[in-house]
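Chemist: Fold the following for me, if possible:
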Amino acid sequence: MRILVTGAAGFLGSHLCDRLLALGHRVVGMDNFITGNRSNLEHLKSHPNFQLTLHDVANFIEVEGPLEGVLHFASPASPVDYLELPIQTLKVGSLGTHKALGLAKAKGARFLLASTSEVYGDPLVHPQPESYWGNVNPVGPRGVYDEAKRFAEAITMAYHRFHRLDTRIVRIFNTYGPRMRPHDGRVVSNFIVQALKGEPLTVYGDGSQTRSFCYVDDLVEGIVGLFERGGPDPTNIGNPNEFTVRQLAGLVLRLTGSRSRMVEQPLPTDDPKVRQPDIQRARETLGWEPKISLEDGLRRTIEYFSGLTAA
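Modeler: Here you go, the predicted model:
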């Protein structure tokens, strides 16, 4: 297949390009590098089946030749990014999704939307199944990301129902691994970078809030499975093993051998107190579940960040 990946230079987008190429597909990567990193795709520069295009998907998208798949991963995705880039975040979720859907329709391609567990907001249901509608503050600072993704899901389903487009929606839960940006504001990269530098680990609130951490290789396998054999209903992809933020900090300290201490700071506005995917749908329809433990995944991620600090 020939497949377009928007947001190809991002953390997830670049890993997805690697996996699709390994499966024998031809990949067109698209990015405007607002938050993407060219170095994530450097190893693909001379790959015969990879083509990179500089473009902002909020504008009309034109790709010459046939396309069998469009995977829409373009978006700021960390709190630091979408709080600094609120308008761009809303535009890529709304206009960008519209343009990507229009391209998929014109090419007769299958469309996959990268959505997020943030559509559940600060959930009142735990763990979160796909049937839960969420508890989102539309006018809070996080609303620019949450509502952009909720709109993206709505327009994807509209194209599926009205235009009979073959669509998929993946709701991605906290993911970590190599190629995360050192200062992207996500808890795993924050803790690892701070621990390696011997700085205090910043814990927001008392650290009792929970997260579920999925290693990037597991996540990409789930996404590819959804693209190949999933259905149009949203599907949670994430690791259902739940940890408190304080537990994560302790594990990072142990694995890095750091003597850093933890310091508490005020909890950000609308920060979710719990986050855990119900992955029954992915298990039943895709035969997927994560295989890599948090400890193993953190070791690999720490090795990556150690390489960055050494460089």
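Chemist: Apart from its neighbours in sequence, what residue is nearest the residue sitting furthest away from the middle of the chain?
Modeler: Residue distances from the centre of the chain (CA atoms, centre = their mean) peak at Arg259, which lies 30.7 Å from the mean C-alpha position. Leaving out its chain neighbours, the residue that sits closest to Arg259 by CB to CB, 6 or more residues apart in numbering is Gly198, at 7.0 Å. (C-beta placed from N, C-alpha, C; glycine too.)
Chemist: So, low pLDDT: which residues of the stretch 101-250 of the chain?
Modeler: Judged against pLDDT under 70, the stretch 101-250 of the chain has no low-scoring part.
Chemist: Kindly recompute the last result at 90.
Modeler: 182-187, 202-211 (pLDDT under 90).
Chemist: And the strands in it?
Modeler: Ranges of strands in the stretch 101-250 of the chain, per DSSP state E, counting those that start in this stretch, are 110-116, 167-172, 175-176, 201-204, 210-212, 214-215, 235-237, 242-244.
Chemist: Okay, now the sheet partners of the fifth one, with direction.
Modeler: Put plainly, it is strand 210-212. According to DSSP bridges, strand 210-212 forms sheet pairs with strand 242-244 (antiparallel).
Chemist: I'd like the mean pLDDT over the stretch of helix or strand Arg300 belongs to, please.
Modeler: Using DSSP states H and E, the element containing Arg300 is helix 294-310. Averaging pLDDT along helix 294-310 gives 91.
Chemist: neighbouring contacts of stretch 256-274?
Modeler: Stretch 256-274 has contacts (CB atoms under 8 Å, 6 or more residues apart in numbering) with 79, 118, 120-123, 126, 137, 140-143, 192, 194-196, 198-207, 209-210, 242, 246, 249, 252-253, 302.
Chemist: For the residue nearest to Arg259, give me its contacts.
Modeler: 258-260.
Chemist: Adding distance to Asp278, write the strands of the stretch 101-250 of the chain out as a markdown table.
Modeler: Below are the strands of the stretch 101-250 of the chain laid out as a markdown table (distance: least, CB to CB, whole Å):
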| stretch | distance to Asp278 |
| --- | --- |
| strand 110-116 | 15 |
| strand 167-172 | 10 |
| strand 175-176 | 17 |
| strand 201-204 | 25 |
| strand 210-212 | 11 |
| strand 214-215 | 14 |
| strand 235-237 | 6 |
| strand 242-244 | 12 |
